[in-house]
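Engineer: one predicted model, sequence on top.
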Amino acid sequence: MSLSHMEDMPLSHSSPQGTHRSSWKQWFLYSTIVTLLLLCSFSTLILTFLPLKTASEPCIAKFGPFPLKWQMTCPKLPCVNKTADEKLEILQNGLYLIYGQVAPNTTYKEPAPFEVRLRKNEDIIQALTKNSTIQNVGGTYELHAGDILELIYNSEHQVLKNNTYWGILLLANPQYNS
């Protein structure tokens, strides 16, 4: 057999005529398209059945870092009410953004483990247990009138009050069609 014949030989066996192997690239493309279509459909359904109206006036409340008290910018109809130092009562149904930063006191050596909890009506909605770095707290939540929010610590000495704060912002009010 001469070398010129070897140049014409295929390197791999070819598939029989009529069969087609799908590559992982095609599978990835098709699955991405299907996923995006499902997400768009789901989002459309949510926005269709639960239309939200953007809050007409800003309603913001923030606690800390200095001064260690509630600072509120409330419109004519407030969305929150201060009930205690670090507690808030929600006055309007809506979609809220809760935000904050917790700075742990790395010199704290007492037996109580480090834990910071964001609670809604006594239920924990977020817990932070890492005491080595500054952590963010919060998220977007649907809240209802009468809900009570609070940020609590195992011990007041576990956090640096001068670098710890949290707040809430009303993003939108649900508009129900009757």
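Structural biologist: Arrived safely, thanks for sending.
Engineer: show me what contacts the residue positioned nearest the centre of the chain?
Structural biologist: Centroid check for the chain by CA atoms, centre = their mean gives Gly139 as the closest residue, at 3.8 Å. Listed by CB atoms under 8 Å, 6 or more residues apart in numbering, the contact partners of Gly139 are 97-98, 125-126. The C-beta positions use only the backbone N, C-alpha and C, and glycine is treated the same way.
Engineer: tell me the strands beside the one helix or strand it maps to, with direction?
Structural biologist: Assigned by DSSP states H and E, Gly139 falls within strand 135-143. Counting by DSSP bridges, the strands paired with strand 135-143 are strand 94-102 (antiparallel).
Engineer: contacts for the strand it pairs with?
Structural biologist: Residues contacting strand 94-102 (CB under 8 Å, 6+ apart): 52, 55, 79, 90, 116, 118, 128, 134-143, 149, 151, 159, 163-174.
Engineer: on the C-terminal side of that strand, identify the next helix or strand.
Structural biologist: In N-to-C order, the element after strand 94-102 by DSSP H and E is strand 116-120.
Engineer: hmm, who's touching that following strand?
Structural biologist: Contacts of strand 116-120 (CB under 8 Å, 6+ apart): 98, 100, 102, 124-129, 135, 137-138, 141, 143, 147-154, 158-159, 166.
Engineer: just the mean pLDDT for the following helix or strand past it, thanks.
Structural biologist: For strand 116-120, the succeeding helix or strand toward the C-terminus, using DSSP H and E, is strand 123-128. Averaging pLDDT along strand 123-128 gives 91.
Engineer: what comes up buried for strand 123-128?
Structural biologist: Neighbour counts using 16 or more other CB atoms under 10 Å place 126, 128 of strand 123-128 among the buried residues.
Engineer: and it, what does it pack onto?
Structural biologist: When contacts are defined as 3 or more CB pairs under 8 Å, 6 or more residues apart in numbering; DSSP states H and E, strand 123-128 packs onto strand 116-120, strand 135-143.
Engineer: if we go to 10 Å?
Structural biologist: strand 94-102, strand 116-120, strand 135-143, strand 148-153 (3 or more CB pairs under 10 Å, 6 or more residues apart in numbering; DSSP states H and E).
Engineer: can I get it in CSV, CA atoms only?
Structural biologist: The C-alpha coordinates for strand 123-128 follow below in CSV (Å, rounded to 0.1, in the frame of the first residue of the first chain):
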residue,chain,number,x,y,z
ASP,A,123,-40.2,33.6,61.4
ILE,A,124,-36.6,33.7,60.3
ILE,A,125,-36.3,34.8,56.7
GLN,A,126,-32.5,35.1,56.7
ALA,A,127,-29.7,34.1,59.1
LEU,A,128,-26.1,35.1,59.0
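Engineer: parallel or antiparallel, which strands does it pair with?
Structural biologist: strand 116-120 (antiparallel).
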